[in-house]
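> Next comes the sequence, and after it the predicted model I'd like to discuss.
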Amino acid sequence: MTERELRSNSVTLLAWVFIILAALMTLIGATQNVLLHWFFPNIVAQLNNDFIGAPPLARFLAAHLKWIIGLFTLLSTLLFVSAVGVLHRHDWARKLFIRLLIIGLLWKVLSLVLMTLFMAELPLARATPFNNAIEVENFQTLMIGFNALLTIAIGAVLIRICHYLSLPKVTVEFGSLGEIESVAKYVPKEMD
C-alpha cells in the first residue's frame with residue numbers, strides 16, 4: 001500500500017479549505033499592515049488623540065492597533081503554512097494546525113468578551129429622534145447575542161476539526177506510527 005493510497009479525501013478537503021481561508025486572511029492582514037505602516041503611518045497617534053474621551057477599552061485597542069494587526073497577520077500566515085503541511089501530511093503541521101485552531105477559538109471567545117465590554121462602555125447618547133435609547137440598547141443586545149451564537153457555532157466546528165485530526169485513523173496518515181509498512185498494517189484498537 002502506497003502513502004498516496006493512505007490519504008483520505010476528508011483531510012485533503014479540510015486542508016484545501018483552510019489553505020484558501022488562510023491565504024485570504026494573510027492577504028487581508030498584509031494589506032492592513034501596508035496601509036498602516038506606509039500609507040497611514042501616523043494613524044495610531046491620530047487615533048490616540050481622537051480617542052482621548054473614549055472608553056478605556058477603545059483607547060487600549062487604538063493604542064495597540066499595530067500589534068493586533070501584526071498578530072493577526074502572523075497567525076494567518078502560520079495557519080496557511082500549517083494547512084499546506086497538513087495537505088502534504090506532515091505530522092508537525094497537523095499538531096501546529098490543531099494548536100492554531102485552538103488559538104483561533106480563544107481569539108473568537110476573547111472578541112466576544114471584548115465586544116460585550118465595549119458595548120457596555122458605549123453611552124446610549126447615540127440615540128436620535130428616530131432611535132430612542134431603548135432601541136439602541138436592544139440593538140446592542142441583539143449584536144452581542146448574535147456574536148455569542150456565532151462563537152458557539154464556530155467553536156463547535158473548530159473543536160470537531162481538532163478532534164477529527166487527533167483520531168488514530170487520521171494520525172496514521174501523518175506517519176506518526178512510523179514507516180509506511182507499519183502504517184499500512186495498522187489496525188485501530190477498536191477493531192481488535
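That came in fine, so what should we check first? This structure is a prediction, so every number in the text was calculated from the model and none was measured. Numbers count the residues shown, from 1 in each chain.
> right, and Val44 touches Ile69 too?
No. Using CB atoms under 8 Å as the test, Val44 is too far from Ile69 to be in contact (10.4 Å). Placement of C-beta: from N, CA and C, glycine included.
> With neighbour numbers in mind, choose between the two.
The neighbour comparison of Val44 against Ile69 (other CB atoms under 10 Å) goes to Ile69, with 19 against 16.
> Any regions of this protein where pLDDT drops low?
Along the chain, segments meeting pLDDT under 70 span 1-6, 48, 51, 121-133, 176-192.
> sorry, back to before: can you list residues touching both of Val44 and Ile69?
Both Val44 and Ile69 are contacted by Leu36, under the criterion CB atoms under 8 Å, 6 or more residues apart in numbering.
> Do a quick rundown of the helices in this protein.
Assigned by DSSP state H, the chain shows helices spanning 3-6, 9-34, 43-50, 56-63, 65-87, 91-121, 133-166, 168-171, 180-184.
> Quick check: which of those helices is buried the most?
Looking across the helices of the chain with neighbours counted as mean count of other CB atoms under 10 Å, the highest average goes to helix 65-87: a mean of 18.
> Which strands and helices lie in contact with that helix?
Counting contacts by 3 or more CB pairs under 8 Å, 6 or more residues apart in numbering; DSSP states H and E, helix 65-87 is packed against helix 9-34, helix 43-50, helix 91-121.
> Give me the residues contacting it.
With CB under 8 Å, 6+ apart as the criterion, helix 65-87 contacts 11-12, 14-16, 18-19, 21-23, 25-26, 28-30, 32-33, 36-37, 43-44, 47, 61, 92-94, 96-97, 100, 103-104, 107, 165.
> Next: stretch 31-44.
62-63, 65-66, 69-70, 72-73.
> Those into TSV, with extra columns for distance to Gly175?
Below are those laid out as TSV (distance: CB to CB, whole Å):
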residue	distance to Gly175
Ala62	47
Ala63	46
Leu65	42
Lys66	40
Ile69	36
Gly70	34
Phe72	32
Thr73	31
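> so which of the residues you listed comes closest to Phe118?
Distance to Phe118 across the contacts of stretch 31-44 (CB to CB) is lowest for Ala62, with 11.9 Å.
> Confirm for me that that closest one is in contact with Leu47.
Yes. Taking CB under 8 Å as the definition, Ala62 is a contact partner of Leu47 at 3.9 Å.
> Can you give me the distance of the residue lying closest to Ala23 once chain neighbours are set aside to Ala15?
In this structure, Ala23 finds its nearest non-sequential neighbour in Phe80, 5.7 Å apart by CB to CB, 6 or more residues apart in numbering. Per CB to CB, to the nearest Å, Phe80 is found 11 Å from Ala15.
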